[in-house]
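# using only what follows, build the 3D model:
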Amino acid sequence: MTEVRRLIPALMLVAALVACTGSDPTTGQGSDRPASVPSTGAPARSTDGFTALDPIVDRAAHAASLLPDGRVLITGGCVVDGCSAGTASTEIYDPVTQRFLEGPDMSVPRAGHTATSLAGGDVLLIGGYSGEGEPPLAAAELYDAASGSFVPGGQLSVARGGHMAALLNDGSVLVTGGSVGRRTLTDSAEIWDPTSRSFRTTGAMSIPRAAATATTLDDGSVLVAGGESTPGLGVDSSEIYQPQTGVWTAGPALSQARFKHAAVALADGSVLIVGGTSDDELLLTGVERYDGVAFRDEGRLGEGRYKFSDAVAVLPDGRVAIAGGGRTGESYDPLTGGIAPLAGPSGRRSSFATATLLRNGFLLVVGGYDERIDLLRAAYLLDAS
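Below you'll find the model as predicted:
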């Protein structure tokens, strides 16, 4: 598939993990919310099977993070058609009012960054790009959920965008791979320490990877699957990081080479791998599942999709919502292996959107851009309870 405009490499590469705890957003009980600028977004509009929302600005290649009080922090991304520049702006979705609030600005514009939700409720933002043709960012920053503000989070040893990040069991964060310059990828990895708020290097992967996925497994290790090792060419290999030793070991091969795909951990400890592309042209429909030993074929999506690593989420009933990367949404049932349509708007392909499961059982889907890299006026709620 050929796009009419070029994006910065970071906007082709994403990965993020979301996990928090907190109070009930349907009542607001027990929440200690920082002050926010009053909403400028319009209230929700009901439509067929979902509820349309109005974000403050249209954006893609942003990140979405669930906060301890049940609200959702939306950070950065691009806010102009063509995605030529990142933004420092943020907004916060309030599930009680179903409105978006203006959030504090980040220290720098970011797109193609990672946002990792930490055990205490804070959110760590790492790397990315500030604009087209700009070098990747080395700076990290932390959203302090208690104060509702951003604070410095340290400097990467290697500036990178389109990398992978995964929360480790001890509260630290593994950061690996990504793009470090024009058509230059890296195999390097580093660890963010939450006590010192600094990075240290750790063992490198066996090959450079970008646009891969990183998923923390039940035993605390991290599975990195697929990715591109040469720009525009996917690989079918995987490797596993062992935090105790800082060493990577070879994992099993995927059923097909893929990058710009999505991955999500399931309740039984397996990992679902969905879609992607092998060559930046062909969009894949294949679904496979890592069971701790090998990757097993799990069927086919109704349409090929890519650029949606932050737009998959496990629903309360165990199904996986696949809300981006294509023209429609789909769901996967891990008990039956069945793939079915998912409610939501359809028509234009949605790339680099986000999907976040709220504590009230609703799925919040925000942003994205279409085949022309024009931003979508897209945000909606889906009742997933």
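
# the spatially most central residue of the chain: which element?
With distances taken as CA atoms, centre = their mean, the chain has Asp310 as the residue nearest its mean C-alpha position (2.9 Å). Under DSSP states H and E, no helix or strand contains Asp310.

# alpha carbons only: can I get stretch 132-150 in PDB?
Taking Å, rounded to 0.1, in the frame of the first residue of the first chain, the C-alpha atoms of stretch 132-150 are listed here in PDB:
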ATOM      1  CA  GLU A 132       9.700  15.200  10.400                       C
ATOM      2  CA  GLY A 133      13.400  15.100   9.600                       C
ATOM      3  CA  GLU A 134      14.300  15.700  13.300                       C
ATOM      4  CA  PRO A 135      16.600  13.300  15.100                       C
ATOM      5  CA  PRO A 136      15.000  10.900  17.700                       C
ATOM      6  CA  LEU A 137      14.600  12.200  21.200                       C
ATOM      7  CA  ALA A 138      16.800  11.100  24.200                       C
ATOM      8  CA  ALA A 139      14.600  12.700  26.800                       C
ATOM      9  CA  ALA A 140      12.100  10.900  29.000                       C
ATOM     10  CA  GLU A 141       9.600  12.500  31.300                       C
ATOM     11  CA  LEU A 142       7.200  11.300  33.900                       C
ATOM     12  CA  TYR A 143       3.500  12.200  34.300                       C
ATOM     13  CA  ASP A 144       3.000  12.600  38.100                       C
ATOM     14  CA  ALA A 145      -0.600  11.400  38.600                       C
ATOM     15  CA  ALA A 146      -0.800  12.900  42.100                       C
ATOM     16  CA  SER A 147       0.100  16.400  41.000                       C
ATOM     17  CA  GLY A 148      -1.100  16.200  37.400                       C
ATOM     18  CA  SER A 149       2.100  17.500  36.000                       C
ATOM     19  CA  PHE A 150       5.200  16.300  34.000                       C
END
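
# so which bits of that stretch are buried?
Across stretch 132-150, burial judged by 16 or more other CB atoms under 10 Å covers Glu132, Pro136, Leu137, Ala139, Ala140, Glu141, Leu142, Tyr143, Asp144, Ala145, Gly148, Phe150. All C-beta atoms are positioned from the backbone trio N, CA, C, and that covers glycine.

# give me phi/psi at the fourth one?
Main-chain torsions, Ala139, degrees, to the nearest 10: phi -80, psi 140.

# again with Phe50
According to degrees, to the nearest 10, Phe50 has phi -160, psi 170.

# could you verify that Asp268 is part of a helix?
No. Counting by DSSP: H, G, I helix; E, B strand; the rest coil, Asp268 is located in no helix; its state is coil.

# okay, it and Tyr290: tell me how far apart.
For Asp268, the distance to Tyr290 equals 11 Å [CB to CB, to the nearest Å].

# go ahead and confirm Ser346 touches Ala323.
No. The criterion here is CB atoms under 8 Å, and Ser346 misses it with Ala323 at 11.4 Å.

# neighbour-wise, which of these two wins?
Ala323 (30 against 12; other CB atoms under 10 Å).

# mind listing what the residue lying closest to the more buried one once chain neighbours are set aside touches?
Leaving aside its chain neighbours, Ala323 sits nearest to Ala355 (4.1 Å; criterion: CB to CB, 6 or more residues apart in numbering). If a contact means CB atoms under 8 Å, 6 or more residues apart in numbering, then Ala355 has Ala64, Asp310, Ala311, Val312, Ala313, Ala321, Ala323, Gly324, Leu363, Leu364, Val365, Val366 as its contacts.

# among those residues, name the ones in helices.
Using DSSP state H to define helices, no part of those is located there.

# which one's more surrounded, Asp268 and Tyr290?
Set side by side, Asp268 and Tyr290 show more neighbours around Tyr290, with 24 against 12, by other CB under 10 Å.

# enumerate every residue touching the more buried one.
Leu223, Ala225, Ser238, Gly251, Pro252, Ser270, Val271, Ile273, Arg296.

# and the first one, what does it touch?
Residues in contact with Leu223, defined by CB under 8 Å, 6+ apart, are Thr213, Ala214, Thr215, Leu217, Ser238, Ile240, Gly251, Ala263, Val271, Tyr290.

# so in terms of bridging, what pairs with it?
Thr215, Ile240 (DSSP bridges).

# how far does the one helix or strand Ile74 maps to sit from its chain's centre?
Ile74 belongs to strand 72-75 when assigned by DSSP H and E. Centroid displacement of strand 72-75 relative to its chain, using CA atoms, centre = their mean, to the nearest Å, is 12 Å.

# relative to Ala323, how far out is Asp48?
16 Å.

# same deal with Gly171?
Separation of Gly171 from Ala323 (CB to CB) stands at 29 Å.

# and Asp310, by the same measure?
In terms of CB to CB, Asp310 sits 10 Å off from Ala323.

# who touches both of the two?
With CB under 8 Å, 6+ apart as the test, Asp310 and Ala323 both reach Ala353, Ala355.

# with pLDDT and distance to Asp280 added, can I get the contacts of Ala355 in a markdown table?
Shown next, in a markdown table, are those (pLDDT from 0 to 100; distance: CB to CB, whole Å):
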| residue | pLDDT | distance to Asp280 |
| --- | --- | --- |
| Ala64 | 98 | 25 |
| Asp310 | 98 | 19 |
| Ala311 | 98 | 19 |
| Val312 | 98 | 20 |
| Ala313 | 97 | 25 |
| Ala321 | 97 | 25 |
| Ala323 | 95 | 22 |
| Gly324 | 94 | 17 |
| Leu363 | 97 | 28 |
| Leu364 | 97 | 29 |
| Val365 | 97 | 24 |
| Val366 | 97 | 25 |
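
# now tabulate these in a markdown table and tack on distance to Leu233.
What follows is those, written out as a markdown table (distance: CB to CB, whole Å):
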| residue | distance to Leu233 |
| --- | --- |
| Ala64 | 29 |
| Asp310 | 23 |
| Ala311 | 24 |
| Val312 | 24 |
| Ala313 | 29 |
| Ala321 | 30 |
| Ala323 | 27 |
| Gly324 | 23 |
| Leu363 | 33 |
| Leu364 | 34 |
| Val365 | 30 |
| Val366 | 31 |
